[in-house]
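Colleague: below is the sequence, then the predicted model.
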Amino acid sequence: MIIVMQFGAPQEQIDSVCAVIKERGFEPLVMPGEDRMAIGVPASLSPDDRIFLEAAIGSLEGVSKVTQTSSPYKLASIEFHRSRTSVQAKSATVGPGSFSVMAGPCSVESYDQFKKAAEVVKKSGASILRGGAFKPRTSPYSFQGLQEEGLKIIKQVGDEMGLATVSEVMSADMVTLVGEYVDILQIGARSMQNFPLLIEAGKSGKPVFLKRGPSATIDEFLLAAEYVLSQGNPNVILCERGVMPLDRSYTRNTLDLAAVPVLKEHSHLPVIVDPSHGTGVARYVVPMAKAAMVAGADGVMVEMHPDPKHALSDGSQALDVSGFERLMSDLKALAPAAGTRL
Ligand code: PEP
Ligand code: MN
């Protein structure tokens, strides 16, 4: 932590900052600058110390600003966990060394629809099957998903095809139920800061696929991951899925691909990109998936539907079967140049 004093702050004001730091049990380091003083707290601060000092010092006379020099998250940070994490779900591994493709329809609509999608996923060599059973829809009048019936279809098809599965859980009280049917619990963008849900998913010990909230900063995203990790569950996969756009007339969200190298620099957790929700337009999915691979992502999640025109949700961003096959062949061709394999 570094405290920068206002220009010309007198010695008494510097002394009172130092007194607060000493009272909390730390040794302040006074650093004279060209035109103002700075005071450092050269120690590893607990979250409580950090919050206390920030509040106690921030309001003192003569203080210009208080800045943090280490990250607010610990378990998610690469500083405290130097080796990169791989998350295992059935035979699928998400993490460094290979590029994972998670694919399937936005919503599970019927056994036949989901089975058809799963066959395409399996044949293409992708390793994880997605499908929503509980759907977070903007309108209560939109299709809400097949719910438990959908979970049963996911389990049956996943078992038949030998594919790991991922599906969204929307509330803390549903974690056990969804966890009985799927291999990876998805926490959707709208739920990224549903703290009781994060805690419950953490307690379950199951792999958690955490999507970035549409207006979440990187720190907020990693602190959400920290909630899951702090329950003793190390199996967290981060997903960038686009943030609030300036202009919705062309894309649904703005896919923040810069978040990939940023997250990789600050965290050891695997990073997946979702170009389907990230753009909202099927024809932009392939270019952005390739861009994600080049940016260093550990994989992509894409929506694919055997008949996108009749999809019950997100049809306009779903790849059809041939679009998905083209995606897979483009990614396979690109992988060596991007330093990964598929
Ligand atoms: C989804 O994956 O279908 C979904 C609802 O995603 P998001 O939470 O990113 O909107
Ligand atoms: Mn969707």
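Modeller: Alright, I've got the coordinates. Residues are numbered from 1 along each chain as shown. Ligands and ions are numbered 1, 2, ... in the order given.

Colleague: contacts, neighbours, all on C-alpha from now
Modeller: Fine.

Colleague: remind me which residues of the stretch 1-150 of the chain are low pLDDT?
Modeller: Within the stretch 1-150 of the chain, not a single segment meets pLDDT under 70.

Colleague: care to break the chain down by domain?
Modeller: Per the record, the chain has its domains at 2-67, 87-338, by automatic domain parsing.

Colleague: which SSE is P287 in?
Modeller: Secondary structure here is read from DSSP states H and E; on that basis P287 sits in helix 282-295.

Colleague: orientation of the helix of greatest length in the chain relative to helix 282-295 in degrees?
Modeller: Counting residues, the longest helix in the chain under DSSP state H turns out to be helix 321-338. Here helix 321-338 runs at 20 degrees with respect to helix 282-295, directions being taken by axes from the mean of the first three to the mean of the last three C-alpha atoms, to 10 degrees.

Colleague: so what's F80 closest to, chain neighbours aside?
Modeller: Beyond its immediate neighbours in the sequence, the residue positioned closest to F80 (C-alpha to C-alpha, 6 or more residues apart in numbering) is K74, lying 6.3 Å away.

Colleague: the one you found and P140, how far apart?
Modeller: 38 Å (C-alpha to C-alpha, to the nearest Å).

Colleague: more crowded one of these two?
Modeller: More crowded of K74 and P140, by other C-alpha atoms under 10 Å: K74, with 19 against 8.

Colleague: show me where the stretch 201-342 of the chain has helices.
Modeller: Remark: helices assigned in the stretch 201-342 of the chain by DSSP state H, counting those that start in this stretch are 218-229, 259-266, 275-279, 282-295, 321-338.

Colleague: nearest to V208, of those helices?
Modeller: helix 218-229 (8.1 Å; C-alpha to C-alpha).

Colleague: give me the buried positions along the closest one.
Modeller: 220-229 (16 or more other C-alpha atoms under 10 Å).

Colleague: JSON lines please, covering these and showing distance to A164 and pLDDT.
Modeller: Supplementary listing: these in JSON lines, determined by distance: C-alpha to C-alpha, whole Å; pLDDT from 0 to 100:
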{"residue": "E220", "distance to A164": "28", "pLDDT": "97"}
{"residue": "F221", "distance to A164": "25", "pLDDT": "98"}
{"residue": "L222", "distance to A164": "25", "pLDDT": "98"}
{"residue": "L223", "distance to A164": "27", "pLDDT": "97"}
{"residue": "A224", "distance to A164": "24", "pLDDT": "98"}
{"residue": "A225", "distance to A164": "21", "pLDDT": "98"}
{"residue": "E226", "distance to A164": "24", "pLDDT": "97"}
{"residue": "Y227", "distance to A164": "24", "pLDDT": "98"}
{"residue": "V228", "distance to A164": "21", "pLDDT": "98"}
{"residue": "L229", "distance to A164": "22", "pLDDT": "97"}
